[in-house]
Each structure stands twice: as C-alpha cells, then as structure tokens.
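**Student:** pasting the sequence and the predicted coordinates here, then a few questions.
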Protein chains: 2
Amino acid sequence: MRTHFCGLIDEAMIGRTVTLCGWTDVARNLGGVCFIDLRDHEGIVQVTVEPDNAPVFEVAASLGYEDVLQVEGVVRARQSVNDKIRTGKVEIIATRIEVLNKAEPLPFHAHENAGEEIRLKYRYLDLRTPDMQRKQRTRIKLVQALRRWLDARDFQDIETPILTKATPEGARDFLVPARMHPGEFYALPQSPQLFKQILMVAGFDRYYQIARCFRDEALRADRQLEFTQLDMEFAFVRERDVQDTVEGMIRDIFKEVMDVQLDAQFPRMTWAEAMRRYGSDKPDLRIDLELVDVAELVKASEFAVFTAAAGDPDGRVAALRIPGGASLSRKQIDEYAAHAAKFGAKGLAYVKLGENGEISSPIAKFFSEEAFAALLRHVGAGNGDIVFFGAGGYNKVSDFMGALRLKAGKDFNLVRDGWAPLWVTDFPMFEWDEEAQRYVALHHPFTAPAVDDIADLRANARTAVSRGYDMVLNGNEIGGGSIRIHRPEMQSAVFELLGIGAEEAEAKFGFLLDALKYGAPPHGGIAFGIDRIAALMAGTESIRDVIPFPKTTTAQCLMTGAPSPIPDEQLAEVHIRVREKAQP
Amino acid sequence: MRTHFCGLIDEAMIGRTVTLCGWTDVARNLGGVCFIDLRDHEGIVQVTVEPDNAPVFEVAASLGYEDVLQVEGVVRARQSVNDKIRTGKVEIIATRIEVLNKAEPLPFHAHENAGEEIRLKYRYLDLRTPDMQRKQRTRIKLVQALRRWLDARDFQDIETPILTKATPEGARDFLVPARMHPGEFYALPQSPQLFKQILMVAGFDRYYQIARCFRDEALRADRQLEFTQLDMEFAFVRERDVQDTVEGMIRDIFKEVMDVQLDAQFPRMTWAEAMRRYGSDKPDLRIDLELVDVAELVKASEFAVFTAAAGDPDGRVAALRIPGGASLSRKQIDEYAAHAAKFGAKGLAYVKLGENGEISSPIAKFFSEEAFAALLRHVGAGNGDIVFFGAGGYNKVSDFMGALRLKAGKDFNLVRDGWAPLWVTDFPMFEWDEEAQRYVALHHPFTAPAVDDIADLRANARTAVSRGYDMVLNGNEIGGGSIRIHRPEMQSAVFELLGIGAEEAEAKFGFLLDALKYGAPPHGGIAFGIDRIAALMAGTESIRDVIPFPKTTTAQCLMTGAPSPIPDEQLAEVHIRVREKAQP
C-alpha cells in the first residue's frame, strides 16, 4: 500500500514519486494551499496540495485530525526548511489522496495533556503520541537487547505454565476455577520460582524467561496485578557466578540501550551495612547523606527515649545530618516528623544550627553542654545544618531514618544525576513475625542459608544469614535472587522453621521435595523487574507508562472495562457462584 | 564450581586438570576399577577411578544412578575408544570426587520407557533424557530463530495483558475473580486479537508477540489449556504483504533450525479447491490421493443415495481411489466405514477391482454395465484398486472423504517424506449454524469480507468470501490470519449478521468500535501455533513432548497437582464460593 515511510523521506529522493500511508497529524489551508503533516511510526512529512489540482485539493481541504490517508505524490525540496523534523528539507506534492478511514472528533487531542483516566480509556490515542511511543520503544529495545545478550550466551528460553498450583503465599494468588474438576482451582504464578528450580533438576543448565507474573495485592502506585520479570536460573553455581554474569549483562544492556557506562564493578554491601549507613536494603547511592549511629554518645543523657534505645541490644539511636537543613521552618520540620511517623517513628528529635552556630533543639536540655557538643561533632554538624535523631528498635529506626534521608535528598536537591547500581548481600534468613509468633522468610522459603549445617541453622535461626542478593539501582530493587536449597533435608528443615509442618509441606511442595531427592544440582538465580528497569530507562516515575495496556490502581482496565460481571450460567459451568454480600 | 562441561572434553585437553559437575549416568566397578559416566547438558564423559586412590575409590564404588557429583581429575587418552560419544577418545582420571547431592532410587529409570503418567509426575526425570532434551531444544531454537528474524525486520515485540475482559466466545474463557470488584471477573485471553488490532490503531507498524493463549475446552489429544502462538499484526497491508513476509519467515526458519529447504513458492489454493480435491481445509499434500466428483456419472443410476445427492445443489457425490486398496478385507473395509461414520457418513459405498479385473461392489447392481465402466474409468480405477464413494451434503461428504484420504494415506504408506506447505485462501465469510439458526464466523468476527460494500455483503452473506488465509503444513493448520475490518460501519454490519445486536456489540466490543472510529489504519495479521510447529520439527505427534510442563487430557498437571481445592476463607476473599453439586 506504500512505497516508503513518511518519517524517512529525505533529499536523496527528490524528484521521485512515492506512495505514503499515515495519519493526518494536522491539515491547514494557508492562503489557498493545503499543507498536511502526514505521520507514521517513523515520523512526519509535509504533504502539499496546490489548488490547481482541484479533486485532490477538495479532499485535502476537508481533512480532520487523525484521518488515515494514502497519499501519492512527488518529493520536492522544501522552500521554507523545517529544522525541527528529520524530513524538514522536503515536501510531497500530492497527486492523489485517498482517505482510508475518517476519524471522528477525538475525545482528547492526542498530543495535548489530558487526565490519566481518559488517556487510559483511549489508550490507543495516548500511545500514538511521540512521548508514549518513545517510552514503549525503550521497553521494546530493553527486552530485545536482553534476549540477544542471553541467547548469545547459551541461556535457554523456556516457558513455564500460567495455569498452575496455588502457592504458600496463597493469599496473593489469582484463582481460576477448573471446569473439569468441580471445586478445584488453578492459580496464576507469582513467579516461575519452583518451575525454574525444577528445570535445573531436569538438566537444563542456564534458563531464562521473560515471564509474566501475577500478584493479587492492593495496588500501590508502582504495582500492577500482572508484571514482567526476566527470570533466570543457573545450575552448578555459587553467588558470584550468578552475580558476575548478570552484572555484566546489566552493564552491557545499559551501554546498548542508553549509551550509559555503568561502574566497571558494582559496589557491594551487606544488608547490615546498608541498613546501618542508609536505613534501607535498597539504598539510593546518588544521595551522599548517611545515617550515623550515636547510641554511645547519648547513653549518658537524660532523654529516656534515647537511653532506653541505646541500652537495648535490639535498639538503635541514629542521626541524619542534612547540610543546609537549618532553613527548614517549624512547619517543614513537622512534615518531616509526619513522614517519619508513616514509617513507624513515634517522634523525631532534631538540632538546628543557625548560620552563626546558634542551637535550636528540643533535646539539648537533656545533655551536658560538653556531651551535646561531642554529639554534634560526631555527626559532623556545621552551621546551617539540621540533624534529625531517631531512637527505638533497630529496624524501625533504620526504616524511618532511611525514609527521611530520601526525602531530604529530594527536598534539598542532593540526588546526583546518573546511575548508582550496587549489590546488597547477606540478608537475614528469617524475620520474626511478632503477630504470628513465628519466623517468615525474608526472601522466600527456597533460599539457601549461608550455613550448610542444619543443626547450626536451627540453633542460630534468629541471626542466620541467607545466600540471597539484590541488585539495586538508584534506590530501586531491580533484581533479587539467591542460591537455592538443593538438599531435601535442608529444605524440610527450613519449612519447619517457617512453621510449615511436614504434612503441609508435602501437600504444597511435595513435588519440589521429591525433585530434590532425585539428583538436584546446586543452583541459584535471580529475577529482574522489567517494568521498573524500563521505567528507569525511559525516565518516568510510573511503570504504567512502559506497560502497553496497564491497569489502574483500582485494578481496572479502563479501555476494555475489565473486570466485568459474568452471567450466572457461565459461572455454573465452572462450578462457582458469586458470594452473597456479608450482612453489614 | 567447574572448569569445563562434561560433554565438551576432547583430545586437545589431554594432560590438563579439570573440574566437572554432573549426574552419574551410570557407575560400574569392573575388575577393581570404577568407571563413571558423568553427564551434563552437553553430554557424557568417562571418569575412571583407580583402586590405588583409596578414598576416591570408596566414594566412586558407592555411587548410584543420578547422584550429583563434582569431579576433579586429569584428562587422559582413552585406551578403548568409544565412538558412540563425542568424548569417546578421552577419560578423566579422578583425583577428587564430591557427592553434591545423593539421589534416591528413581521411580523409573530415566533412560527407559515408562508410562506417560509416571513420566509426567516426575517430569524433571523425563526431561533429563537425551530424547526429551532434543525435543525441548528444538522448540527453544525455533522460538529463538523466529525472534531473531522478526527483530531484524523491525517487528516490535509488545506485551498484551493476561488478565483481560471476557470475550464473545465467552464459554471458552477462563475466569478469574477480582478481589477489588466483588462479583466481577477477569478472563484469560483466547488470543491477543483485539489488543493487536488496537496496537495498529495506536500507531505501531509491525507487531509480534510469542503469546500465551488460553482456551477452556474439553481437551483433545493435541490441545492444551494454554498454548503458545507467534502473534503478528501489520498496519497498511493487503493479503499478499502479510503472506509473502511470513512465508519467507517460515522458509528461513526451516532452513536455519532444520536445514530444510521448503518450496521457493508455497502452493496456493482456495478453500473451495481444497475441499473439492482433498476434502479438507488443511490438506496434507504429501499424499497424492485426490477426491473425484462423480455426480454427473451417477445421476442416472438407480441408487437413491447417489441420485438424491447428485440432484441437490448443496450435495456432493465423491470418489476416492486407493491404488492397491483391493487388498482390504471385508473387516478392514468395515473399519473404513466406521472411520467415515465418525465424520458423519451414513454409509460407505465401494468398488474393489481384483487383480484380474473382477469387480466386487455392493452398488454395481444399481448401474448399467456401461455406466459403471464409465464411472470406474472416470475415477481412474485399475486392477488391484479400491474406490470408496461418499454421497450427501457437500461439506459433510468432503469431511468424511477427506478423513478416509488421510487414513488410506497412512495405511498404504502413501505419505511422502518431507514438507508440504501451502496457503489456503478465500474462506467463506460465514457458516450457517442450523441449530442456532444464524451465521457464525468461520475465522472470527473481525475478519474483513472480500467485498467493501456493506449492502453487497448483506445481500450475499451466504456465499460471501472472507479475506482470511491459513498456512498449512503436512496436513496441519500451522498459521491462520486475515485482513481485518478497519471501518466501524463494516464491523457493526458483520456483528449484526452474526446476530450480535448493537447493545451486545457495544458492551463487549465498544472499545474496538471506538478505536475504529478514531483513525484505524487498514491492517491484517496472522498467528502461528508454536507448539504444533515445534512438534512437527521435533518429529513427534504430541505437542506435550515440546511443552516443558504440559497438562494431561484431563487438564491436570501431574507434577504439581494442579488444579487443587482451595480453602473457603480464601474463596471468600475473592467473593466466590464453590457451587453445591446439582441434585442427580
């Protein structure tokens, strides 16, 4: 239907007759000559229709936004060159125009701002805009580059089922009723974790899959019901084998897709160090602020909140110095306190040092002058700074002080440009769940502990370290993985520590335990969040911008209207019914 | 953990110390020397343990099938060369053996035949066998080659949602209850059809996706609940643009993956011709047998079954000559009749011509000798042949005679080796559904009719031809596609002809009709069945062999135990309950 693409017409083609297809980006009648900006996926070219060509002119004069055209014409040098577009030195003198499809007046103009709701309803119009095309293409390029990299290194792209078995974290499973098995359900996978481990047992050596995963959770701004991960697994490996390989991959891919040279060696940091210095297991290293532990320096104060935490082996007293932070008003300081409270802080102590060294602090009175000076010296506070203090349980203090660090980084423009990747390693194996009074897995129940000895693990579960690792980029966990348990006895022991009894383990993971019995190699892997990496590369905060057809935060597709009610007869075929509403 | 792969050790490495990892394929103690066949994904190498190395020998002597090992040793030339394996000229003299994981006695020996049920339950053991590895790798290679081909030609790999809206062929939809929307459901896509059309409207020019699709049907031997297709769509195209592109792709891919040179031009055939000559819309051209229409020659007979069909404008009387078929016994002929009956035949007439020309036929008596001779001449029957005759409605006769053609092809070894691709085109737009008393779409409701004129389509719906096309290979429909409707009025008209009222169309396809209004380009595409193509390439009848984790014909995963019952509390969270069993 066409000989060339609109956006690729150039001076070398002057004098040639071409046939183009595309959309009417805009059509104007200027002093009796019609100018049509004809757009396709490659770009825009100007089509000029002179009044002496009456039948064509008539068509051109009646065009509206987004009418779909086939245009035949001759390429000519343009008199008024347009430097803003690639084809700006040429125009097409139309000899024939066929309207392939008229467009009705648009619900919003494709190239102007509109609310997200209407943009999602008419997603196809939004996707036509150059900005969205660029974002989507970044994602396409990313995935293509990853595949090429992996294929060249003998990774095997293997598909795992979407209709599979409900998992332990079952509450987040999407359920699918089974027509042939009344009362039974498939579940959509939260990840291909068990299948990829099984593939290693099956003798595949290096696996990958760009895998769709599903998690039925309340949606946060950056979550979707379904998301895409680059899922990888390796047989016969230790941590560094996996890490070095994928670090090289990420470096190569950033070079290829973004022309960005990441660090030749990503910094490495244990989970403990990350929590201590940055109050986060995914620290944004573009911000130079660090937490400083001050328990030793506040022990002797009269501030009970500090002394209690400083005396508690599980406690923490940490300070965050913000250079120039003395400019914060009382109200702004309250906002910081409120932000900290969202992450569990019960209060937020601070010291402001005026430009001339004058101290303003609700807690100074609890210290001797000398001790207070020593404290300020220790945290490096200078004139014009503010220092926030947090005290309480170790993890909670780390969390909210880490959150303040991020907020201060943004508020004070302390976030460096560029890319700051790192590895976080040596995660705790378990977290103690106060409410459930049992351990929960920090990664997942298939992560190997650092110790090989089951008795040792049992005796020291509280402090046990796992063989898990995360890749972090600019404060985002973009990849997470681990060396897995490959011995059935160890897997059973970990299940037991997690409160999963032998019977439950057999019912839910019998096939994994079986597989580990029949010759499972040592293995490990990692999974990368494609949506997040694409968003980072495309320079957008929202992963919705890099997902072609995303759902809203209320889990709806505004374009198709999913989810939707289903006739009861159809539900009967799959042996379910809608539950009556609970009485209020 | 290793310096080399087992299967790649060769003579160039003699004298070097290597560390290998792998499975104990077999371990034997022969005259005081232990020989271990150590296997990894690349192949097998022999590890030799001499008795003077007592601690290593002790480990080696206790090994069982599939124990996972790390072996350190020195590569040495082998005295008794084994030509059957790539590494047969070398062996490893072990200096250290570590058992990384013991294997319990296997439920079946990985390299021997076992029932499909046990093979599916312990899928990882089955996948370890060289035969299954080869089949899976064929699929992996196929998909990789397709992607590379498409990426090189600027096709954009775009993901479409898995959680989407219920479709018109709703009865086959898998349903997923929505937690945030009580009483509402997502559906899993039967194909990304509407999304890919929307992508064309959104300005993407050439789309592809290796897409997971879902169909909740009773499973036939070659169907799965979820299957994989190469889904493609092109903007601004006519039939030949799509067909020529993908024909080239299939040719290139067969060359690359199989080293097979397919026809430089695939034969093309209308649906009508395929039905007439082969009684099938997916004829297997490796079989030279053809149906012959004989209505004119039987009109004057006294056989009412023939004369009725011959006189009916929608009837057919067809003959199938099987060379050498006179060898069929009475019982075998009954089997042919039974086979035809499965496809709707009410009876099956035949003529056997003995080696000396003697005629044996229940229908000869209805013809004059002359007319019967003319009939046999017309179908080319010679001594030693059998000719089957079918009479009745056109499509039904075509169906069962086509089925007989395939059976005869197999039974008489008339299926040529090699590859016989073709295009089938010009499908009927609609089929009349007697039961529902309305038209149904032969492809799908978005397929464009050959005529552009709505009035014309309405007036001639019964005989209207669509712009659909199938690619057929060796009797399998491996790809199906069409030019789509891109004008909203035509789409509405087709919905109406299919008995989908304006209101229903708006509720189900409102977003498509909208999209067509706002500047939809002419577009078309195709989808290829990856599972089927992989099975053909791997030389297996069953697509289960090329799916890593398939389900059974009763829709179960024997390995994980999916589907499974779900506690009622969990169902309550997604607002459904299991339906009580209907009273018998």
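**Tutor:** Alright, I've got the coordinates. It should be emphasised that the depicted structure is a prediction, and the values quoted were computed from it without experimental measurement.
**Student:** residues contacting the spatially closest residue to A:Val351 that is not a sequence neighbour?
**Tutor:** Nearest residue to A:Val351, sequence neighbours excluded (C-beta to C-beta, 6 or more residues apart in numbering or on different chains): A:Ser361, at 4.0 Å. Where C-beta positions appear, they are placed from N, C-alpha and C, glycine not excepted. Neighbour list for A:Ser361: A:Ala349, A:Tyr350, A:Val351, A:Lys352 [criterion: C-beta atoms under 8 Å, 6 or more residues apart in numbering or on different chains].
**Student:** who wins for most neighbours among the residues you listed?
**Tutor:** In terms of neighbours by other C-beta atoms under 10 Å in any protein chain shown, the contacts of A:Ser361 top out with A:Val351 at 25 neighbours.
**Student:** ok, now how distant is it from A:Val397?
**Tutor:** From A:Val351 over to A:Val397 the distance is 17 Å, taken as C-beta to C-beta, to the nearest Å.
**Student:** next one: A:Ala381
**Tutor:** 19 Å.
**Student:** quick one: pLDDT of the residue of the stretch 251-400 of chain A at minimum distance from chain B?
**Tutor:** Nearest residue of the stretch 251-400 of chain A to chain B: A:Glu256, at 13.1 Å (C-beta to the nearest C-beta). You'll see A:Glu256 listed with a pLDDT of 97.
**Student:** a helix runs through it, doesn't it?
**Tutor:** Yes: under DSSP: H, G, I helix; E, B strand; the rest coil, A:Glu256 sits within a helix.
**Student:** excluding chain neighbours, what is closest to it?
**Tutor:** Leaving aside its sequence neighbours, A:Glu256 sits nearest to A:Ala145 (C-beta to C-beta, 6+ apart; 4.9 Å).
**Student:** near chain B, which residues of the stretch 1-150 of chain A? Just list them.
**Tutor:** With C-beta under 8 Å from any C-beta of the partner chain as the criterion, the stretch 1-150 of chain A meets chain B at residues A:1-2, A:21, A:23, A:39-41, A:66-68, A:70, A:100-101, A:103-104, A:106-107, A:122-125, A:127-128, A:133, A:136-137, A:140, A:143-144, A:147-148.
**Student:** go again with 7 Å.
**Tutor:** Applying C-beta under 7 Å from any C-beta of the partner chain, one finds that the stretch 1-150 of chain A approaches chain B through A:1-2, A:21, A:23, A:40-41, A:66-68, A:100-101, A:103-104, A:106, A:124-125, A:127-128, A:133, A:140, A:143-144, A:147.
**Student:** filter those residues down to the buried ones and hand me the PyMOL line.
**Tutor:** Buried members of the residues of the stretch 1-150 of chain A next to chain B, defined by 16 or more other C-beta atoms under 10 Å in any protein chain shown, are picked up in PyMOL with:
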select buried, chain A and resi 2+21+23+40+41+66+67+68+100+101+103+106+124+125+127+128+140+143+144+147
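**Student:** narrow the residues of the stretch 1-150 of chain A next to chain B to those in strands?
**Tutor:** If you go by DSSP state E, the residues of the stretch 1-150 of chain A next to chain B have A:Cys21, A:Trp23, A:Asp40, A:Val68, A:Leu100, A:Asn101 in strands.
**Student:** beta partners for the third one?
**Tutor:** If I follow you right, that is A:Asp40. Bridge pairing for A:Asp40 (DSSP bridges) gives the partners A:Gly43.
**Student:** was I right about it contacting A:Leu8?
**Tutor:** No: assessed by C-beta atoms under 7 Å, A:Asp40 is found out of contact with A:Leu8, at 9.0 Å.
**Student:** anything in contact with each of the two?
**Tutor:** Common contacts of A:Asp40 and A:Leu8 (C-beta atoms under 7 Å, 6 or more residues apart in numbering or on different chains): none found.
**Student:** got the residues of the stretch 401-550 of chain A near chain B?
**Tutor:** Residues of the stretch 401-550 of chain A lying close to chain B by C-beta under 7 Å from any C-beta are A:His486, A:Arg487, A:Phe511, A:Ala515, A:Lys517, A:Tyr518, A:Gly519, A:Ala520, A:Pro521, A:Pro522, A:Pro548, A:Phe549.
**Student:** what are the boundaries of the helices in the stretch 51-200 of chain A?
**Tutor:** Secondary structure of the stretch 51-200 of chain A by DSSP state H, counting those that start in this stretch: the helices cover A:54-61, A:116-121, A:123-127, A:130-152, A:193-201.
**Student:** what comes into contact with the third one?
**Tutor:** Looking back up the chat, that one is helix A:123-127. A:106, A:108, A:110, A:119, A:132, A:136, A:549, A:559, B:198, B:201-203, B:515, B:518.
**Student:** excluding its backbone neighbours, what's nearest A:Asn154?
**Tutor:** In this structure residue A:154 is Asp, not Asn. Here the nearest residue to A:Asp154 in space, its sequence neighbours aside, is A:Arg206; by C-beta to C-beta, 6+ apart that works out to 6.2 Å.
**Student:** list the contacts for that neighbour?
**Tutor:** Contacts for A:Arg206 (C-beta under 7 Å, 6+ apart) come out as A:Asp154, A:Phe155, A:Gln156, A:Phe234.
**Student:** ditto for A:Thr447
**Tutor:** Counting by C-beta under 7 Å, 6+ apart, A:Thr447 touches A:Ala441, A:Ser466, A:Arg467, A:Gly468, A:Ser482, A:Arg484.
**Student:** could you rerun that using 6 Å?
**Tutor:** By C-beta atoms under 6 Å, 6 or more residues apart in numbering or on different chains, the residues touching A:Thr447 are A:Ser466, A:Gly468, A:Ser482.
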